[in-house]
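# How does the following fold in three dimensions:
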Amino acid sequence: MKELVENLPRAQRLINRWLRRTAFLCAVAVCFSSARGQETPDVRELVQKIEELRSAGKFQEAVPIAEQVLKYCEKNYGPEHPETADSLNDLAFLYSSMNDQAKALPLYQRALKIREKALGRDHPYTAISLNNLAEAYRESGDFAKAEPLYKRAIKIWETKLGSKHPNTLSGMSNLALLYQDKGDSAKAEPLYVRVLKVREETLGPDNPQVANSLSNLGTLYYHQGNFAKAEPMYQRALKIYEKAYGAENPHTANVQNNLGAIYLDQGDLVKAESFFKQAFETREKIFGPNNPATGESVNNLAWVYMDAGDYTKAEPLYQRSLKITEQTAGPDHPNTATSLNNLGVLYQMMGDYKKAEPFYQRAQKLREKALGPNNPDLVSSIGGLADLYRLEKDYAKAEPLAQQALHLSEKKFGPEHQMTATAYNNLGAIYEGMGKYDKAEPMFQKGLKLFEDKLGPNHYKTGAALDNLGVLYREKGEYKKAESYALRAVEVTEKARGPQHPETATCLNDLAKVYDAMGDKAKADPLRQRAAEIRGKTKSKSASPQPSPSPSPT
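Sure thing, here's the model as predicted:
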């Protein structure tokens, strides 16, 4: 039986500057079924063509061919034959890769029923279908349905294949990823650590599967804001991949991409650009200039230049990324909505709100059509529009959108998830702009508590939440409270983002405003001067208050 395939490169989601769900390359185990020995040569050629298109990221082109193979299997083997289940699985994977879980789910469900009937409920192949169905539920945000399926698959593999079998370990990695998606790091981390330990013991410290586990842990620590732990995990994974596969390999490029994201979040744009460029050059050489993975790297480079305030460099890269996505995924695909959303962010950062608005609106319409009105990805477009209207002081439009974003976050992620914390912050910023301080304060406080609880007291999102409260109390005239929060915001943000990051400049400037309000010019002037020096170096423009921190790429 084939092992579960991990670390498949996918066109991941990027959402707007504030309301976002950072997505990195984690352990995504998607298994392809056993080799088909009974097919005619013509059908074998079709299957090979599907594999080629899938490897090239051309999922849309592969779908009609996979449908043709499925019809062949149904006609020649019957609708309940294991070969038919294999074809259902392959077609479902294509839809899942295109983020069309609505089409993938019934195919995976049918494949599972066939395998349960033909092979039994406890067969290792049945576990594969359980895992794949769980993946589709996880991708669609239905964690409650995904978790028991993962657990059942793991139990089957442990019983039939052993606790150290590659499939068992991959299943555990996927369950850990589910907990990570739910924001439950306490459950995710021990699973990742366990898988890493077994792989090191059974495969050796330099095996690529060990690198996979290191990368997963690095991603978990990244989401926790623990860059000091994440960076060495990625660095070690990078060395293993370079040794095993060479510098020009997709796995190597993926880790380079993730390292670039860490440095971008820390404000080290020079290092971020270097790693993103390496990943881009590798992907372009391997996959070609119009592959989704190449488009992802183009997009990530654009983030670097936008963070640096170099909008003339960022704009054509975002436009190129959009073009690649439209060509590979189609003009109505959710990934296209992501690219549109990113252009909206850029124009918003440039202060061109009228140009930004139609990009946000088109992205929202595409996502509503493709994913439904309650999909988590819709939060980014709604949140982006809400914040755009906030900046334009059009609170009548901003408030209901921010409330909708909060409702979606609570429904999909739960009341204690960091996405929900971000939604609290964004709604608080709108109430603050409206002068409704009594409504803004509890929103900001809820957001701060969630960030501290889920991400830790030294995460950059925590720093942004502290800064928001500092600004609020300053506007209320409560200067001692404002000073306390503003000082903590500077300390946390400078530590998390680095001393030269635009968000550090924002916090320094906000602290200077507090001292101005207190009449302490001697303290205010050097802070304002330092903020100006940082912004002069980065050419960045930061809004104040910032509902939550700047973006991270896929």
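# what's around G519, how many residues?
For G519, the count of nearby residues is 9 (other Cβ atoms under 10 Å). Bear in mind the C-beta positions are built from the backbone N, C-alpha and C, glycine included.
# Check P442 too.
P442: 12 neighbours (other Cβ under 10 Å).
# need the helices for the stretch 51-200 of the chain, in chain order.
59-77, 82-97, 101-119, 124-139, 143-160, 166-182, 185-203 (DSSP state H, counting those that start in this stretch).
# centre of the chain versus the second one, how much separation?
Same thing as helix 82-97. Relative to its parent chain, helix 82-97 has a centroid offset of 25 Å by Cα atoms, centre = their mean, to the nearest Å.
# Of the helices of the stretch 51-200 of the chain, give the one that comes closest to D387.
helix 166-182 (23.8 Å; Cβ to Cβ).
# Tell me what angle the helix or strand bottoming out on mean pLDDT in the chain forms with helix 82-97.
Ranked by mean pLDDT, DSSP states H and E, the weakest helix or strand in the chain is helix 41-55, scoring a mean of 86. Comparing the axes of helix 41-55 and helix 82-97 via axes from the mean of the first three to the mean of the last three Cα atoms, to 10 degrees yields an angle of 20 degrees.
# Burial check on K355, number of neighbours?
So K355, with other Cβ under 10 Å, has 14 neighbours.
# With D206 instead?
13.
# same check, this time on the one 10 residues further on
Counted by other Cβ under 10 Å, the residues lying close to N216 total 29.
# could you say which helix or strand contains T493?
Per DSSP states H and E, T493 falls inside helix 479-497.
# which parts of that helix are buried?
Residues 479, 481-486, 488-490, 492-494, 496-497 are the ones in helix 479-497 that count as buried (16 or more other Cβ atoms under 10 Å).
# repeat for stretch 88-107
For stretch 88-107, using 16+ other Cβ under 10 Å, the buried residues are 88-101, 104-105, 107.
# Please apply the same query to stretch 159-168.
For stretch 159-168, by 16+ other Cβ under 10 Å, it's 165-168.
# any chance of those in CSV, with distance to N257 and pLDDT too?
Formatted as CSV, those follow (distance: Cβ to Cβ, whole Å; pLDDT from 0 to 100):
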residue, distance to N257, pLDDT
H165, 30, 96
P166, 25, 94
N167, 27, 95
T168, 28, 96
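# and the helix holding T493, what does it pack onto?
helix 460-476, helix 502-517 (3 or more Cβ pairs under 8 Å, 6 or more residues apart in numbering; DSSP states H and E).
# Single out the most deeply packed of those.
The highest mean neighbour count among the helices and strands packed on helix 479-497, using mean count of other Cβ atoms under 10 Å, belongs to helix 460-476: a mean of 26.
# What helices and strands are in contact with that one?
helix 418-433, helix 437-455, helix 479-497, helix 502-517.
# what number of residues lie near the residue lying closest to N131 once chain neighbours are set aside?
In space, and not counting its chain neighbours, N131 is closest to A153: 4.5 Å by Cβ to Cβ, 6 or more residues apart in numbering. A count of nearby residues for A153, using other Cβ under 10 Å, gives 30.
# Report the contact partners of A153.
127-128, 130-131, 134, 171 (Cβ atoms under 8 Å, 6 or more residues apart in numbering).
# Make a markdown table out of these and add neighbour count and pLDDT.
As requested, the contacts of A153 are exported to a markdown table (neighbours: other Cβ atoms under 10 Å; pLDDT from 0 to 100):
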| residue | neighbour count | pLDDT |
| --- | --- | --- |
| A127 | 31 | 96 |
| I128 | 30 | 94 |
| L130 | 26 | 97 |
| N131 | 28 | 96 |
| A134 | 27 | 96 |
| G171 | 31 | 96 |
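# can you tell me which of those lies nearest to L149?
A134 (3.7 Å).
# That closest one touches Y150, doesn't it?
Yes. Using Cβ atoms under 8 Å, A134 is in contact with Y150, at 4.6 Å.
# hey, what's in contact with both of the two?
With Cβ under 8 Å, 6+ apart, A134 and Y150 have common neighbours 174, 178.
# Can you read off the pLDDT for I15?
Looking at I15, its pLDDT is 24.
# where do the helices sit along the stretch 251-400 of the chain?
Going by DSSP H, counting those that start in this stretch, the stretch 251-400 of the chain shows helices at 269-287, 292-307, 311-329, 334-349, 353-371, 378-391, 395-413.
# Distance to R199 and mean pLDDT for the ones you listed - can I get that in JSON lines?
Below are the helices of the stretch 251-400 of the chain laid out as JSON lines (distance: least, Cβ to Cβ, whole Å; pLDDT from 0 to 100):
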{"stretch": "helix 269-287", "distance to R199": "24", "mean pLDDT": "94"}
{"stretch": "helix 292-307", "distance to R199": "25", "mean pLDDT": "93"}
{"stretch": "helix 311-329", "distance to R199": "33", "mean pLDDT": "93"}
{"stretch": "helix 334-349", "distance to R199": "32", "mean pLDDT": "91"}
{"stretch": "helix 353-371", "distance to R199": "35", "mean pLDDT": "90"}
{"stretch": "helix 378-391", "distance to R199": "35", "mean pLDDT": "89"}
{"stretch": "helix 395-413", "distance to R199": "30", "mean pLDDT": "90"}
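# I'd like those laid out as TSV, including distance to K454.
What follows is the helices of the stretch 251-400 of the chain, written out as TSV (distance: least, Cβ to Cβ, whole Å):
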stretch	distance to K454
helix 269-287	25
helix 292-307	24
helix 311-329	30
helix 334-349	24
helix 353-371	25
helix 378-391	17
helix 395-413	11
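# of all the ones you listed, which lies closest to D520?
helix 378-391 (29.5 Å).
# packing partners for that closest one?
Using 3+ Cβ pairs under 8 Å, 6+ apart, helix 378-391 sits against helix 334-349, helix 353-371, helix 395-413, helix 418-433.
# quick one: buried residues of that helix?
In helix 378-391, counting by 16+ other Cβ under 10 Å, buried: 378-391.
# Then stretch 43-54?
43, 46-47, 49-50, 53-54.
# coming back round to it: closest to D310 among the contacts of A153?
A134 (42.4 Å).
# Excluding chain neighbours, give the residue nearest to that closest one in space.
L149 (3.7 Å).
# in terms of contact, does the one you found touch S129 like I think?
No. Counting by Cβ under 8 Å, L149 stays clear of S129, with 9.2 Å between them.
# Which one of those two is surrounded by more residues?
Taking other Cβ under 10 Å, L149 and S129 do not tie; S129 has more neighbours (28 against 25).
# what's the pLDDT at the nearest residue to L191 once chain neighbours are set aside?
Using Cβ to Cβ, 6+ apart and skipping the chain neighbours, the partner closest in space to L191 is A176 (3.8 Å). pLDDT, A176: 96.
# Give the burial count for K313, as a bare number.
Neighbour tally, K313, other Cβ under 10 Å: 14.
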